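Chemist: Let's see this in three dimensions:
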Amino acid sequence: MVVTVTAALALGVAVAAPAQAAHAGDDRPAPGSRQKGLARELDQALERASADVGDPGVQAVLMKDGRVVWSSNRGTANLESRTPVTDRTLFYYASFGKQVIAAFALHQVEAGVLDLDTPISTYLGEEVAGSHAVTVRMLLTHTSGYPNVYADPAVAPLLPFASPGAEDRYDPDRPWSFAMLNAGIREPVEPGAREEYSNTGYLVLGRVLSRTAGGDEALERAIRRFLGRAGDVKPMTEDQITLQRSERALRRFAHGYLQRDDGSLTDVFTAYGATGIPTDMYGMPFTDGLFAGTARGAAQFLDALFVRDRLLSPGTVDAMITPSPQSAAAGGSYGMGTDRAVVGDRIWQGHRGGYPGFTAQGATDLERGVTLVVVTNRYALPRSPADVIWERLAETYARVAR
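Modeler: Residues are numbered from 1 along each chain as shown. Down below sits the predicted model:
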């Protein structure tokens, strides 16, 4: 099978409907012919790349300085109903959301609520294993040393694809709590010694944020206020980025599809009898992948963070994107909840995401102030569909918009 539990949960990383209308432009004032030329090239790149990964449902957005300069929707949000992807279709961001929760955590550091280098026992007491040795900085930089909670026997059987037979025991409507996850959180191994991608660390980070905010509901309200600042003329809304698994969200949500070895697709919404959005997909307590939304919502967040300085001070952003010493020592570029992608001669700052049914990739070319986001409702290995499409679009943009 294409996905195993450890591969599916560690990835940080159908016939398509006709493409929807696209809106295009350049990243600087240009004649209409040049503008149309860029749109045409990006549309063609999206069509070819989508075909290469099985024609998933896709939203793609290119933004500069808070303005969408090109966007396109392709494919099907729900294969059974043949519902096409539109601008309003919601997708699960998966680990792209680590960048969002990391930015909020750094906002709390700026406000004096958190300290990056104080042991998290200050906030959690003895609740979580290793709390006296682990800091918020370690959680943000994947250097905490926590083992993979999703592979632990206390948690793995509760999730799909986690272990042999897990799919038979999986309940997509099961309510989750941090206590259920904490049952599988073990003592960290050499905290601070090395970078090792850790969903567990971000789950613990969420618990720290919940405790300091006054509970999960208070944390959700604080995050919504924080994200509201990413709006341009109006505040960012739940229609663009959400952490609520509501009936309203369900009506707009794309179904996620897991591609098997034989090419067949499993609808992760319907295959296991979910009555709504599966409860393991996003929302509290899953702060390793807390958010869903549109490509435009993700792009607006990145643009507000990296281009318009709406969310954090420039100094904090610089610290966020600076690779940790542990990552740099291993030849990596991961900072605090964000990583670099190099395409040609351009360096993009962002994060990818993947969870059975969905993949995402979003990043900003800091030098030019351009943001590119791709979200899909297809999960396949060895390469994420969103990664493939995003790289083709980034290559095309770099070639055409010089």
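
Chemist: Look through this protein and tell me its longest strand.
Modeler: Assignment by DSSP state E gives strand 346-355 as the longest strand of the chain.

Chemist: What residues sit buried inside it?
Modeler: 346, 348, 349, 350, 351, 352, 353, 354, 355 (16 or more other Cβ atoms under 10 Å). To be clear about C-beta, it is placed using only N, CA and C from the backbone, and glycine gets the same treatment.

Chemist: What ranges in this structure fall below the confidence cut-off?
Modeler: 1-35, 162-167 (pLDDT under 70).

Chemist: does residue 239 sit in a helix or strand, and which one?
Modeler: Under the criterion DSSP states H and E, no helix or strand holds residue 239.

Chemist: now that we're looking at it, how far away is residue 221 from it?
Modeler: 17 Å (Cβ to Cβ, to the nearest Å).

Chemist: rewinding a little: what pairs with the longest strand of the chain, parallel or antiparallel?
Modeler: Pairing partners of strand 346-355, with direction, according to DSSP bridges: strand 339-343 (antiparallel), strand 358-365 (antiparallel).

Chemist: Pull that strand out as CSV, backbone CA atoms only.
Modeler: In CSV, the C-alpha atoms belonging to strand 346-355 read as follows (Å, rounded to 0.1, in the frame of the first residue of the first chain):
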residue,chain,number,x,y,z
ARG,A,346,15.1,31.6,-5.9
ILE,A,347,14.7,30.8,-2.2
TRP,A,348,11.2,30.3,-0.8
GLN,A,349,10.3,30.2,2.9
GLY,A,350,7.4,28.1,3.9
HIS,A,351,6.2,24.6,4.9
ARG,A,352,4.6,21.6,3.3
GLY,A,353,2.0,19.3,4.6
GLY,A,354,0.5,15.9,4.1
TYR,A,355,-2.0,13.5,5.8
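
Chemist: and the strand or helix carrying residue 68, what other elements does it pack with?
Modeler: Element membership for residue 68 (DSSP H and E) is strand 67-74. Contacting strand 67-74 under the criterion 3 or more Cβ pairs under 8 Å, 6 or more residues apart in numbering; DSSP states H and E are the following elements: helix 32-52, strand 58-64, helix 295-306.

Chemist: Now render those as TSV, adding distance to residue 278 and mean neighbour count.
Modeler: Formatted as TSV, the helices and strands packed on strand 67-74 follow (distance: least, Cβ to Cβ, whole Å; neighbours: other Cβ atoms under 10 Å):
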stretch	distance to residue 278	mean neighbour count
helix 32-52	25	17
strand 58-64	20	28
helix 295-306	21	27
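
Chemist: Take those and lay them out in TSV including distance to residue 326.
Modeler: Output for the helices and strands packed on strand 67-74, formatted as TSV (distance: least, Cβ to Cβ, whole Å):
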stretch	distance to residue 326
helix 32-52	34
strand 58-64	32
helix 295-306	23
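
Chemist: quick one on the thing from earlier: orientation of the longest strand of the chain relative to helix 295-306 in degrees?
Modeler: Here the directions of strand 346-355 and helix 295-306 differ by 130 degrees (axes from the mean of the first three to the mean of the last three Cα atoms, to 10 degrees).

Chemist: just how off-centre is strand 346-355 within its chain?
Modeler: 9 Å (Cα atoms, centre = their mean, to the nearest Å).

Chemist: Likewise for stretch 44-57?
Modeler: Relative to its chain's centre, stretch 44-57 lies at 20 Å (Cα atoms, centre = their mean).

Chemist: which residues sit in contact with the closest residue to residue 83 other than its chain neighbours?
Modeler: Leaving aside its chain neighbours, residue 83 sits nearest to residue 77 (4.7 Å; criterion: Cβ to Cβ, 6 or more residues apart in numbering). By Cβ atoms under 8 Å, 6 or more residues apart in numbering, residue 77 lies in contact with 57, 83, 84, 85, 86, 89, 253, 254, 255, 377.

Chemist: Can you get me a residue count around the last one?
Modeler: I take that to be residue 377. For residue 377, the count of nearby residues is 32 (other Cβ atoms under 10 Å).

Chemist: Spit out the contact partners of it.
Modeler: So residue 377 contacts 56, 57, 75, 77, 85, 91, 254, 255, 256, 257, 357, 358 (Cβ under 8 Å, 6+ apart).

Chemist: No further questions, thank you.
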